[in-house]
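**Student:** Can you look at this prediction? I've put the sequence above it.
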Amino acid sequence: MTPTTVRLKNRRLAALLAFLVPGLGHAYQGRYGKAILYFVCIYFLFFVGLSLGDGKILYWRWVNPLADVEHFCGWYLFQFFAGIAALPALIQATLQHFGLGPILWGYGAEPSSDLINGLYPRLGKLVEVGFIYTEAAGLLNILAIFDAYEGPAQRVEAVPTAADDAKAETSS
């Protein structure tokens with residue numbers, strides 16, 4: 001049985017598309033089953049996590065992590081890899097950094113500290129679970145990006161050669 005080969009087309013473009021929207025790079029390569037699987041699973045995990053945090057746990061701040069550890073949003077480094085669903089937080093923070101107002105109805109904009117602190121008494125541990133889900137979605141998309149770039153793993157079995165046959169006969 002010969003292994004089926006997958007034509008990966010432009011691997012860098014496939015990886016970029018997989019970053020932007022989970023599964024899009026796989027659809028570009030014609031691997032529609034994986035595309036649907038990655039899209040549904042990663043975005044389901046991301047948006048369930050976002051809803052557990054009442055939509056307020058996705059944001060970024062432009063701060064130096066060495067100078068202001070308390071206000072550094074380290075979790076966003078993982079959320080970022082969820083692609084286009086997480087990119088508005090970076091855009092909103094950049095706009096705020098330059099003194100401009102939010103866009104996209106405030107999606108991904110940093111909420112006030114009172115609003116964030118108010119989530120915990122109301123939602124309890126669900127806020128932390130939401131953070132974990134959105135971070136896990138980003139980390140899972142890193143695997144999907146790698147799969148879009150490298151293609152499916154295939155075990156290559158050695159084909160016996162005439163030299164191998166002769167070697168086997170002499171050892172018998």
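**Tutor:** Looks like it came in fine. Numbers count the residues shown, from 1 in each chain.
**Student:** Next one: residue 27 from residue 139, what distance?
**Tutor:** Distance of residue 27 to residue 139, computed by CB to CB, to the nearest Å: 21 Å. (C-beta placed from N, C-alpha, C; glycine too.)
**Student:** Compare these two (neighbour count), which wins?
**Tutor:** Between residue 27 and residue 139, counted using other CB atoms under 10 Å, the more crowded position is residue 27 (19 against 14).
**Student:** pLDDT wise, what is that one at?
**Tutor:** According to the per-residue confidence, residue 27 scores 96 in pLDDT.
**Student:** who's in contact with it?
**Tutor:** Residues counted as contacts of residue 27 (CB atoms under 8 Å, 6 or more residues apart in numbering) are 17, 35.
**Student:** switch to 6 Å and redo it
**Tutor:** For residue 27, the set of contacting residues under the criterion of CB atoms under 6 Å, 6 or more residues apart in numbering consists of residue 35.
**Student:** report the longest helix in this protein, please.
**Tutor:** Among the elements of type helix in the chain, defined by DSSP state H, the one spanning the most residues is helix 126-150.
**Student:** Can you tell me the closest non-neighbouring residue to residue 151?
**Tutor:** The spatially closest residue to residue 151, leaving aside those adjacent along the chain, is residue 8, at 4.9 Å (CB to CB, 6 or more residues apart in numbering).
**Student:** Helices of the chain, residue ranges please.
**Tutor:** If you assign secondary structure with DSSP H, the helices in the chain sit at 11-20, 24-28, 32-52, 76-79, 87-97, 113-123, 126-150, 162-171.
**Student:** Residue 107 is nearest to which of these?
**Tutor:** helix 87-97 (5.2 Å; CB to CB).
**Student:** List of residues touching that closest one?
**Tutor:** Everything outside helix 87-97 that qualifies as a contact, by CB under 6 Å, 6+ apart, is 58-62, 102, 104, 107-109.
**Student:** Roughly how far does residue 25 sit from residue 148?
**Tutor:** Noted for residue 25: a distance of 3 Å to residue 148, by CB to CB.
**Student:** so what sits against both of the two?
**Tutor:** The overlap between the contact sets of residue 25 and residue 148 (CB under 6 Å, 6+ apart) consists of 14-15, 18.
**Student:** would you turn these into JSON lines with neighbour count?
**Tutor:** Formatted as JSON lines, the shared contacts of residue 25 and residue 148 follow (neighbours: other CB atoms under 10 Å):
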{"residue": "14", "neighbour count": "24"}
{"residue": "15", "neighbour count": "18"}
{"residue": "18", "neighbour count": "31"}
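**Student:** ok, so of the residues you listed, who is nearest residue 117?
**Tutor:** With CB to CB as the yardstick, the closest approach to residue 117 among the shared contacts of residue 25 and residue 148 comes from residue 18, at 36.1 Å.
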